[in-house]
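I would like to see how this sequence folds:
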Amino acid sequence: MKRILSIVAAATAAVLPLSHAQDTVKVGVLHSLSGTMAISETSLRDILLFTFDEINAAGGVMGKKIEPVVVDGASDWPLFAEKAKQLLDQDKVAVTFGCWTSVSRKSVLPVFEEKKGLLFYPVQYEGEEMSPNIFYTAEAVNQQATPAVDYLLEEGKKKFYLLGTDYVYPQTTNLVLLEYLLSKGVPLENIGGGFTKDGDGKIISAGKYTGFGHTDYQQIVSEIKQFAASGDACVISTLNGDTNVPFFKEYAASGLNAETCPVVSFSVSEDEFRGLPASQLVGQLGCWTYFQSIKSEANEKFVSDFQAWLEKSTVPGIVKDDRVTCSPMVLSYVGVYLWKAAVEKAGSFETEKVMAELKKGIKFDGPGGKVTSQANHHLTKNVFIGETKANGQFKILKEYKDVVGEPFLKGTYK
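Next comes the predicted model:
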């Protein structure tokens, strides 16, 4: 909790001006630097500023240096829309990188569409969307949720407890997973968390949900413990933000562990584990398209360069100690380089021309391996299943190569 409070207290919105406006291109950064989502989103601000500096040091984009305009969505979804309008109307940014929760993305989506702006969205989400003004570097459901379920089924798990934060991403993902689990032969009584049905008896909600910033997980963990008593059970968690801290602390205090009832989390990466009792959570699972533990020259350079940048950084409120990298950070980094390549191919910063180039298929060799932009505004990329280690890193257990992003779940993975 100490780390969370320090982030909330220290993180401030910032505009980092450069001296010659005609030699720069303004780029928006729209993330929560305060509130319940700051535990996750502040690091995306940091990695974006690092990436801009890296690109500027190499000559910029079409000869122009990137001038970042950083605003704080403050974990307030209507405020995200206001800040998006500010970036597009007042600051005249060429592109914006931002949002974490789906509710924040859906809040800004009509703004970007109305004003013909361009948003790069880097965080795992529920799919069922393809805006002409958003490029999703994020993991789609078939690049995270369904591979994780398949892995758990292969490991002999027979009971699945669905738990999430009360908003669109967890709710939609869990409905998709309910259908997916049933299609794999898992009986309805082996899916925990509860169901809500409409007047015709159709299930319209699956799983247990708590609000942003929820802190009391005693009853839910007691229910999970009872659910897991017969064995072969697991938890699929789409809890978001700092509410993961009290959940995992209660989970550990109850005597549950990765042997008795593993948790696979879709919103807890290396960065969130800095604020969790990682030593008590060894063996818990994650499914992402990047882990810091990937052994490659590109990844080792990326991690080293970012940590060196942190040491030299003068950004107000930046946290420099005990920093790690994670999938949303890498997908933010990748997004900037894909945008840069598309701009240079188009010879223009105009949204329609940039998006047209992205649709043709731009390749980038990133820290998680090669990614390729797709015509459906998503990425082809590698998917990894990882197991938590005592130091908060992940041991990679399985890799799926070149998984095509399918927002409407029409595709399969290899």
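
wait, W309 sits on L48?
No - with contact defined as CB atoms under 8 Å, W309 and L48 do not form a contacting pair (11.6 Å). C-beta coordinates here come from the backbone N, C-alpha and C atoms, glycine included.

looking at these two now, which is surrounded by more residues?
Legend: neighbour count by other CB atoms under 10 Å for W309 and L48, higher for L48 (26 against 20).

chain center to the one helix or strand the more buried one maps to: distance?
L48 belongs to helix 38-57 when elements are defined using DSSP states H and E. In terms of CA atoms, centre = their mean, to the nearest Å, the centre of helix 38-57 is set 14 Å apart from its chain centre.

and whichever helix or strand comes after it, what does it pack against?
Per DSSP H and E, the first helix or strand lying C-terminal to helix 38-57 is strand 65-72. For strand 65-72, the contact count by 3 or more CB pairs under 8 Å, 6 or more residues apart in numbering; DSSP states H and E identifies strand 24-31, helix 38-57 as packing neighbours.

what pLDDT, on average, does the longest one get?
Confidence over helix 38-57, taken as the mean pLDDT, stands at 96.

next up, the contacts around the residue nearest to G211 when sequence neighbours are not counted.
Closest residue to G211 apart from its sequence neighbours, by CB to CB, 6 or more residues apart in numbering: D166 at 5.3 Å. D166 makes contacts with Y209, T210, G211, F212, as judged by CB atoms under 8 Å, 6 or more residues apart in numbering.

pLDDT value on D166, please?
95.

okay, it and N174: tell me how far apart.
11 Å (CB to CB, to the nearest Å).

isn't A145 right next to L177, touching?
Yes - contact criterion CB under 8 Å: A145 and L177 qualify, at 5.8 Å.

which neighbours do the two share?
With CB under 8 Å, 6+ apart, A145 and L177 have common neighbours I236.

about what we covered before: mind checking which of the helices and strands packed on strand 65-72 is nearest V354?
strand 24-31 (11.8 Å; CB to CB).

just the buried residues of the one helix or strand T173 maps to, please?
T173 belongs to helix 168-183 when assigned by DSSP H and E. For helix 168-183, a neighbour-count test (16 or more other CB atoms under 10 Å) marks 168-178, 180-181 as buried.

what's stretch 153-163 in contact with?
149, 152, 174, 177-178, 181, 184, 186, 190-193, 206-209, 220, 224, 227-228, 230, 232-239, 247, 261-262.

stretch 179-190 now?
A145, T146, V149, L153, K158, K159, F160, I191, F195.

these two touch, right, the third one and F266?
No - using CB under 8 Å, V149 is not in contact with F266; the gap is 10.9 Å.

ok, of the contacts of stretch 153-163, which come out buried?
149, 152, 174, 177-178, 181, 186, 190-193, 206-209, 220, 224, 227-228, 233-239, 247, 261-262.

got any ranges where the stretch 51-200 of the chain has weak pLDDT?
Within the stretch 51-200 of the chain, no stretch has pLDDT under 70.

how about a cut-off of 90?
The stretch 51-200 of the chain contains residues with pLDDT under 90 at 128.
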